[in-house]
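Visitor: 3D model of this:
(3 chains)
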Amino acid sequence: MMTFQEIKKSLLTALWFMFLTFPIMVIKVNTIEKTIEWRWWRMAGIGLGIFFLSFLWRYLIRRKEAGKKKAEIAGEETMPLAQRLLSNPRFYMPGMVATIVMVVAFPFVFSLYQTNIMITALIYVVVGLGLNIVVGLAGLLDLGYVAFYAVGAYSYALLNVHYGVTFWMALPIGAALGFLFGILLGFPVLRLRGDYLAIVTLGFGEIIRLVLENWNAFSFGPSGIANIPKPGLFGLDLNLHQSTIFIYFLMIGLALMTIFVVRRLQDSRIGRAWIALREDEVACQAMGIDKTRTKLSAFALGATWAGMGGVVFAAKTTFINPTSFTIWESIIILCVVVLGGMGSILGVIVGALILILLPEYLRTFSEFRMLIFGVILVMMMVFRPGGIISDVRRTYKFEGLGRKAKDRSE
Amino acid sequence: MDYFLELFLGGLTRGSIYALIALGYTMVYGIIELINFAHGEIYMIGAFTGLIVISVLTLLGWNTVAIIVIASLVAMIYSAAYGFTIEKIAYKPLRGSQRLSALISAIGMSLFLQNYVLLAQTSNFLPFPNLVPDFKFMQPFENIVRSTEIVIYVITALVMVFLTFLIKFTRMGKAMRAVAQDRDMAMLVGVDVNRVISFTFIIGSSIAALGGVLVSSHIGQVNYYVGFIAGIKAFVAAVLGGIGSMPGAVLGSLVLGWTESFFTGYISSDYEDVFAFIFLVLILIFRPAGILGRSDTDKV
Amino acid sequence: MQKYFGKFFVWVAALALAGVFLYGCPQQEEEKAEATAPAATPAPAAAGPIKLGVAGAHSGDLASYGIPTVRAAQLVVKQRNAMNGVAGRQVEVLVEDDVCKPEVATNTATKLVTDEADVVVGHICSGATKAALGIYKESGIIAMSPSATNPALTQSGDYPNFYRTIASDDAQARLQVDFALDKLGLTKLAVLHDKGDYGKGLAEFAKGFLEADERAEVVLYEGITPGAVDYSAVVQKVKRSGAEAVIFGGYHPEASKIVTQMRKKGMDTIFISDDGVKDVTFIKVAGEFAEGVYATGPVDTSKNPMAIEAIEAHKQEFGEDPGAFYLNAFAATLALLNAIEKSGSTDFDAITQALRSEWVATPLGIIKFDERGDAIGVGFAVYQVQGGNFASIEL
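Guide: From the prediction side, this is the model:
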């Protein structure tokens, strides 16, 4: 419906944006020749662009609203496509086979670069799944998760420098240290909730980074630790290509293990307790769940995966310094969880792949890379606020056997 | 004693600067419970707009007082416009969905705005002229405190009083409190929630812009990234004071500023942030809702 | 909802596919082409353009130090391409962002390797450089940094493919300390740094040299928080420590804030800093307060016609003064391209040979490189801000 109203609306939006971007886009003060550069053509471009984009925007918003209403009328939540596909054995098996073939063939088909960024994405899958326990399942907003990642990375790097500990020994040590730190940091924040919890965890993350930065005698300070050995394979001498492929498969293995463990955890007694805690703390306590233990276990188990991810991170990068563990990293990991869909394992995997691979693929746009990344983050959240693959809430219905059987076959 | 006084004033300056940003943060949070990560960027855009206006007017040869007033006003108007628009694009469609989604949207917005300024203007640091003239009556104290700092203290105090007044005694303030308490109920009794939220963003953003112009003129430079660090510190300060409370934001900022200043002065600046964060953790452990925050009781 | 999701999924899939096609396939083909090409013709001279990678921080908090390098490389390449290219081949610039983070730097490096960069100008931060060099080493690519100052990069012997056009931390710190003690005859010094790998590295050395010398003592050694809005506490501390001078390791934004606050508090403490501070932006930002500040940097570039020309070219093209490490990057690009031209090949050994033997005129002077990768011929000097300009001081 391209009515006059619509055009007028878009025209006004365009004018508004032209006004809005006027000083920063149009005026550039040349400090050398003391002249002002008026870049009017930019204003025209913005006006034109916004004029058309606003149609698209309204159209998309309308569709989103319509979708929401339809869902409300239909009453029951329909399962998203991906999940329906997954639960349908006819698609499930071929899909699984295709995925396996793709995963195995990936490093041989694609370039070193592709494999390399895929490893990074896989590290984030593992770490994201860890944070998913804390944020997605237990509902504790943690903005300092990167601290455990740093603990893992530095435990490998330092143990290697001082005692020559190998990667394979460091992996469980990193995980254990992550666990330990999870408990240590978990204790003081038991009473806090919501954004107060977020800010305290943010504080812990920064404290760990600042200590690493300042305590030269311990951590080598900002110059970092170089020449961290890559993971060895029975003492074989691997070149760059081979070792990258090896780390890739190692990460695939680690990711699979993580998925397996997290799935089991989710369905276990403690997993249920986390979800109960997320939904309602008071009711959860009233049901006789030990809040302290539940919260601490969420922190500790979440941190374990970060510790392990950190060890692989150090081994993959071969060099670490505190710049890799800023608050920004915590935010990205949080984005992985929220963007993918909180609480959903598949969601976190998809989220990690998108968030880590996207900035790399956006390199085509060179300097516009992060600008576009920001826009995509906003758009994704606006149009899919529940994440890409939202967790289907497990519902238990008691409506007799007939209905149940029918449900299952669907 | 002199040393103590100087550290005290240094902390006061830092605290007042945090407060100017934290006030906007805490307002927005109070209304829609959103950690508005893009608030730091609004502050940066305010500073940049101010700088552009100052440069243009200086080239046109206007007189200083006019430049200061116009630059601050334009910066405030533009930041308010940005705050308003951002709310409409990135936060309004997310109302009613889970809170973390809005947080990610805010982070995306923050990233966008940073790079927008980086690309449209420059990656370099730009010198920011000192707008506040050296007052005559300040000359004897010049080595202790400068006119710019005095102006920052005064404006912070004025803004806090203004906001407290606004929230406590005006119609709009009443509506804001109503929305903060229960959005649906407010809507039912006839409060235009959209307008209230937009208004909050406009006020919060224009205060950030005022802060941006003042602070940049104090430290003499601006670049596209200044908002991020300042924003995080301000947020910490707002939480420390009890998020949602205006006097709390100012108090939290001052406490944070003094903590940093005294720790640097008497111990070491290597660990000033570590100490600031430890202090924050301690306060929140004993007062889980911040210094002046009300702790909500759970309704079951 | 459902339908919407389907569409969305298709969209994501399409995007992913497009990405794969954009990146995966052409590279694959190129790789194959490359694999067969050398067999047919050993020296495919005017085959394709020479690919010059430029890696560094182009977004995030350190972009201010990375972007000038991109501009320098682009300007040099533009000039050379206009003059018939290098060794008869055109030069193509591949710009890749590493945000100064080691883990992103490894991605950047593998990207450049996959895109078949012949040489790389970069990276900007020492940490990112260290992470990337291993990857370049295996692929036989030479990297030259305009700004990575960590001594281990050239002195450890781990990175035979690394060169730089900037003095290492220890060399600069030595110069600063010698200047402070011999020339200025100071006895009490404060050493400050910005906690970063550039600033703290330098400050550590300066502190070490000062402590080894019995003429002077370090009365204060502190790291400041970069990006803070106010440094009056640290400034007060310097005042109380009774230091005659401050040696500061870090970049110009913090330096100008500290200097400004010191001067405003009526302190005339001498301020000595590094070439992260020897930047016109510093003088512009600190204004009158910059007067008298010392900074070390490459030997007098204000009289070198190439330097003047390079700065002019930047002003012409971008309408502003060049940023930090611009001249170093300009020199690095020139040196690399010259080495390729002189050796007539992009082979690792040939370029190494040429870099070590061929003198090249750059904005930093006529230079070549020693075995470790440090530049020979780049003299380092102490400058003082006088009348709004950096004037070199006779030692």
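Visitor: mind listing what C:R215 touches?
Guide: C:181, C:187 (Cβ atoms under 8 Å, 6 or more residues apart in numbering or on different chains). Backbone N, C-alpha and C define where each C-beta goes, glycine included.
Visitor: How much space separates it from chain B?
Guide: Between C:R215 and chain B the computed distance is 26 Å (Cβ to the nearest Cβ, to the nearest Å).
Visitor: confidence score at that residue?
Guide: The model reports C:R215 with a pLDDT of 88.
Visitor: Helix or strand: which one has it?
Guide: Remark: C:R215 resides in no helix or strand, with elements defined by DSSP states H and E.
Visitor: Could you give the number of residues near the residue of the stretch 251-395 of chain C found nearest chain A?
Guide: Proximity of the stretch 251-395 of chain C to chain A (Cβ to the nearest Cβ) peaks at C:G319, 4.8 Å away. For C:G319, the count of nearby residues is 16 (other Cβ atoms under 10 Å in any protein chain shown).
Visitor: Then C:S392?
Guide: 17.
Visitor: got it, and C:M144?
Guide: A count of nearby residues for C:M144, using other Cβ under 10 Å, gives 26.
Visitor: and if you look at B:T85?
Guide: B:T85 is flanked by 17 other residues according to other Cβ under 10 Å.
Visitor: you'd agree it is up against A:W16?
Guide: Yes. Here B:T85 reaches A:W16: they are 7.4 Å apart, a contact under Cβ atoms under 8 Å.
Visitor: can you give me the helices in the stretch 251-400 of chain A?
Guide: Using DSSP state H, counting those that start in this stretch, the helices of the stretch 251-400 of chain A run over A:269-279, A:281-286, A:291-317, A:327-340, A:345-361, A:369-383.
Visitor: Could I get those in TSV, plus columns for distance to chain B and mean neighbour count?
Guide: Formatted as TSV, those follow (distance: least, Cβ to the nearest Cβ, whole Å; neighbours: other Cβ atoms under 10 Å in any protein chain shown):
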stretch	distance to chain B	mean neighbour count
helix A:269-279	11	18
helix A:281-286	5	14
helix A:291-317	13	26
helix A:327-340	5	25
helix A:345-361	10	23
helix A:369-383	3	21
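Visitor: JSON lines for those helices, including mean pLDDT?
Guide: Output for these, formatted as JSON lines (pLDDT from 0 to 100):
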{"stretch": "helix A:269-279", "mean pLDDT": "88"}
{"stretch": "helix A:281-286", "mean pLDDT": "84"}
{"stretch": "helix A:291-317", "mean pLDDT": "92"}
{"stretch": "helix A:327-340", "mean pLDDT": "89"}
{"stretch": "helix A:345-361", "mean pLDDT": "89"}
{"stretch": "helix A:369-383", "mean pLDDT": "89"}
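Visitor: I'd like those laid out as a markdown table, including distance to chain C.
Guide: Output for the helices of the stretch 251-400 of chain A, formatted as a markdown table (distance: least, Cβ to the nearest Cβ, whole Å):
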| stretch | distance to chain C |
| --- | --- |
| helix A:269-279 | 23 |
| helix A:281-286 | 29 |
| helix A:291-317 | 5 |
| helix A:327-340 | 8 |
| helix A:345-361 | 4 |
| helix A:369-383 | 4 |
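Visitor: So for C:G379, which of the ones you listed sits nearest?
Guide: helix A:291-317 (35.8 Å; Cβ to Cβ).
Visitor: Please report the distance of the residue nearest the centre of chain A from A:Y145.
Guide: The centroid of chain A falls nearest to A:V336 when counting by Cα atoms, centre = their mean (1.5 Å). Separation of A:V336 from A:Y145 (Cβ to Cβ, to the nearest Å): 10 Å.
Visitor: Name the residues contacting each of those two.
Guide: A:127, A:131.
Visitor: Take the helix or strand harbouring B:L282, keep the C-alpha atoms, and write them as PDB.
Guide: Take DSSP H and E as the rule and B:L282 turns out to sit in helix B:272-286. Coordinates of each C-alpha in helix B:272-286 appear next as PDB, following Å, rounded to 0.1, in the frame of the first residue of the first chain:
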ATOM      1  CA  GLU B 272      43.500   2.100  41.000                       C
ATOM      2  CA  ASP B 273      40.800   0.400  39.000                       C
ATOM      3  CA  VAL B 274      41.300  -2.800  40.700                       C
ATOM      4  CA  PHE B 275      40.800  -1.100  44.000                       C
ATOM      5  CA  ALA B 276      37.800   0.800  42.600                       C
ATOM      6  CA  PHE B 277      36.200  -2.500  41.600                       C
ATOM      7  CA  ILE B 278      37.000  -4.200  44.800                       C
ATOM      8  CA  PHE B 279      35.400  -1.300  46.600                       C
ATOM      9  CA  LEU B 280      32.400  -1.600  44.400                       C
ATOM     10  CA  VAL B 281      32.100  -5.300  45.200                       C
ATOM     11  CA  LEU B 282      32.400  -4.700  48.900                       C
ATOM     12  CA  ILE B 283      29.700  -2.000  48.800                       C
ATOM     13  CA  LEU B 284      27.300  -4.200  46.800                       C
ATOM     14  CA  ILE B 285      27.900  -7.200  49.100                       C
ATOM     15  CA  PHE B 286      26.800  -5.200  52.100                       C
END
